[in-house]
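Participant: fold the stuff below for me.
(one chain, ligands or ions: 2)
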Amino acid sequence: MVLDTSFGPVQVRPLSPALGAEVVGLDLSQPLADEVINGLKAAWDRYALLLVRGQKLEPDVQIAFSRRFGALQEVAQKQYQMQGRPEIFIIGNAEEGGKRIADVSVGRLWHSDQSFIAFPALGSALYGVACPPEGADTLFGNSYAAYETLPDELKQRIETLHGVHSFAHYYAGLRQRDPSQAPLTDERRKAYPDVLHPAVRRHPRTGRRALFVNPAYMTGFAELPGSEGTALMERLFVHQLDSTFLYAHKWRDGDLLMWQNIGLIHVATSFDTERYTRRMHRTTIAASPEEYRLSLLPEATRLAS
Ligand code: OGA
Ligand code: MN
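Facilitator: Ligands and ions are numbered 1, 2, ... in the order given. Sure thing, here's the model as predicted:
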């Protein structure tokens, strides 16, 4: 199927019933006209995730391409940023000179990238340099659909709630799963204080509403401390993983996957780290404060006191 988001020689084909589209006919290593970028943006906003297969992307080319969608943002795991290119976050178990240069523990709980900061990333672009032939799928969930299928009374109830998103909470869980991670320093704890985000946000360009909750970073709702809030949060976590909302990406070398962090949640799955090498390069596309403001519902702009 070719939909009206196709442009020029480029075709945009839905990837799964739940979400995503594959873009065919593009070579991202070549200079791209503004019309092509605009076509990609329209398709990206519509499908939330775009796949471009068979690419050969040097780090500088990935950085320049990603910048056309917004300013780039650095990640908290500075030790896995590419040497001399802090815009690239290296993910997997790859080594150079006997030293691991990639973060193997990324994204093992459902999350939205960088939701622990005040202006979470609007997008992320992950390029598969070396992908294991089995395992290491990345799963995505459609949180527009998750919101839209909530009963009306629940939609109303959560519209004014704010989730507490905590890097310290995430990091504690990470260290439990991977004791090789260094303890959280006071410096980093201070750099990433807990932040609040509305439980429902809308896409800054399309206005479409999405559930914005995730188990990796959230500890509860600011307005509902105690067991009522925990129960509601867990109910939403379960709801948003309904199988009809999900897409599982099986990686091939040369895949570039671009996803949005409003409208989607995602999670990494395991692979045999003894047998296989995985190396992925991620760029992280920021939301400007203005885009963040546009993502708030009118009902939710009054923050919890
Ligand atoms: C990410 C992420 C999942 C994976 O890059 O943000 O969650 O499968 N990656 O590597
Ligand atoms: Mn992620």
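
Participant: what does this protein put close to ligand 2?
Facilitator: Counting by CB under 5 Å from the ion, the residues of the chain close to ligand 2 are 107, 113. The C-beta positions use only the backbone N, C-alpha and C, and glycine is treated the same way.

Participant: rerun that using 8 Å as the cut-off
Facilitator: 106-107, 111-113, 124, 266-268, 282 (CB under 8 Å from the ion).

Participant: with secondary structure, pLDDT and distance to residue 296 added, can I get those in CSV?
Facilitator: Formatted as CSV, those follow (DSSP: H, G, I helix; E, B strand; the rest coil; pLDDT from 0 to 100; distance: CB to CB, whole Å):
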residue, secondary structure, pLDDT, distance to residue 296
106, coil, 93, 28
107, coil, 94, 25
111, strand, 98, 20
112, coil, 98, 15
113, coil, 97, 19
124, strand, 98, 21
266, strand, 98, 22
267, strand, 98, 26
268, strand, 98, 29
282, strand, 98, 26
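
Participant: which phi and psi values does the residue in the stretch 51-200 of the chain that ligand 2 sits nearest to adopt?
Facilitator: Of all residues in the stretch 51-200 of the chain, residue 107 sits closest to ligand 2, at 3.9 Å by CB to the ion. Residue 107 adopts backbone torsions of phi 60, psi 30, taken as degrees, to the nearest 10.

Participant: what residues are up against it?
Facilitator: When contacts are counted by CB atoms under 8 Å, 6 or more residues apart in numbering, residue 107 touches 138, 216, 266-268.

Participant: who wins for neighbours among the residues you listed?
Facilitator: The member of those that has the most neighbours, counting by other CB atoms under 10 Å, is residue 266 with 23 neighbours.

Participant: where's the residue in the chain positioned nearest to ligand 1 relative to residue 213, distance?
Facilitator: Residue of the chain nearest ligand 1, by CB to the nearest ligand atom: residue 107 (2.6 Å). Using CB to CB, to the nearest Å, we find residue 107 at a distance of 16 Å from residue 213.

Participant: how about the residues of the stretch 1-150 of the chain near ligand 1?
Facilitator: Neighbours of ligand 1 within the stretch 1-150 of the chain, by CB under 6 Å from any ligand atom: 91, 106-107, 113, 124, 126, 138.

Participant: hmm, which of those residues are the buried ones?
Facilitator: Buried by 16 or more other CB atoms under 10 Å: 91, 106-107, 113, 124, 126, 138, out of these.

Participant: returning to what we had before: Serialize the residues of the chain next to ligand 2 to CSV and add fields for distance to residue 275.
Facilitator: Formatted as CSV, the residues of the chain next to ligand 2 follow (distance: CB to CB, whole Å):
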residue, distance to residue 275
106, 19
107, 21
111, 27
112, 31
113, 28
124, 27
266, 24
267, 22
268, 17
282, 23
